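**Q** predicted model, plus sequence, below.
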Amino acid sequence: MLVGALRRRVAAAGGFATILIKGDEISGVILVQTMDRGVESGLFERVANLQGGYALMRCGPTPEEGSEALDHYIARRRRSDPDLWIIELDIPEAERFAAETIC
């Protein structure tokens, strides 16, 4: 439900949202790969915070480390959590869109 809302909101703002890996609909962790005009800007995980809500936390390799490092990170995460979701957002301020929608 959260991923669907995020996809619709990004599309309504003129961006693109693509589900790269579909996880469990109830218990899957959500990772958001952010991009702006095709240039990767980071990978973020939706995590519980101390206030009882959720926040986005940067995770994985930096964009400067390259796509191979990202592929290894995602493969490692999938081995430990097969319910994992990965959604790619290509829109300016993608992190803000994700935080406002799924946190």
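**A** Arrived safely. In this text, all values refer to a predicted model and were calculated from it rather than measured experimentally. Residues are numbered from 1 along each chain as shown.

**Q** show the residue spans covered by the helices in the chain.
**A** Counting by DSSP state H, residue ranges of the helices within the chain are 2-12, 67-80, 94-102.

**Q** okay if I get those as TSV plus distance to Val47, mean neighbour count and mean pLDDT?
**A** C-beta: built from backbone N, CA, C; applies to glycine. Formatted as TSV, these follow (distance: least, C-beta to C-beta, whole Å; neighbours: other C-beta atoms under 10 Å; pLDDT from 0 to 100):
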stretch	distance to Val47	mean neighbour count	mean pLDDT
helix 2-12	14	16	94
helix 67-80	13	13	94
helix 94-102	11	18	93
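
**Q** could you dump those to CSV with distance to Gly42?
**A** What follows is the helices of the chain, written out as CSV (distance: least, C-beta to C-beta, whole Å):
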stretch, distance to Gly42
helix 2-12, 16
helix 67-80, 10
helix 94-102, 7
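
**Q** from Ala48, how far off is the residue nearest the centre of the chain?
**A** Centroid check for the chain by C-alpha atoms, centre = their mean gives Val32 as the closest residue, at 0.7 Å. Per C-beta to C-beta, to the nearest Å, Val32 is found 16 Å from Ala48.

**Q** and what of Ser27?
**A** Going from Ser27 to Ala48 by C-beta to C-beta gives 13 Å.

**Q** touching, the residue nearest to the centre of the chain and Ile87? I think so.
**A** Yes - in this structure Val32 lies within contact range of Ile87 using C-beta atoms under 8 Å: 5.6 Å.

**Q** overlap in contacts of those two?
**A** Residues within reach of Val32 and of Ile87 at once, by C-beta atoms under 8 Å, 6 or more residues apart in numbering, are Leu6.

**Q** report the contact partners of the residue lying closest to Asn49 once chain neighbours are set aside.
**A** Nearest residue to Asn49, sequence neighbours excluded (C-beta to C-beta, 6 or more residues apart in numbering): Ala55, at 4.6 Å. Ala55 makes contact with Arg46, Val47, Asn49, Ala99, Cys103 under the criterion C-beta under 8 Å, 6+ apart.
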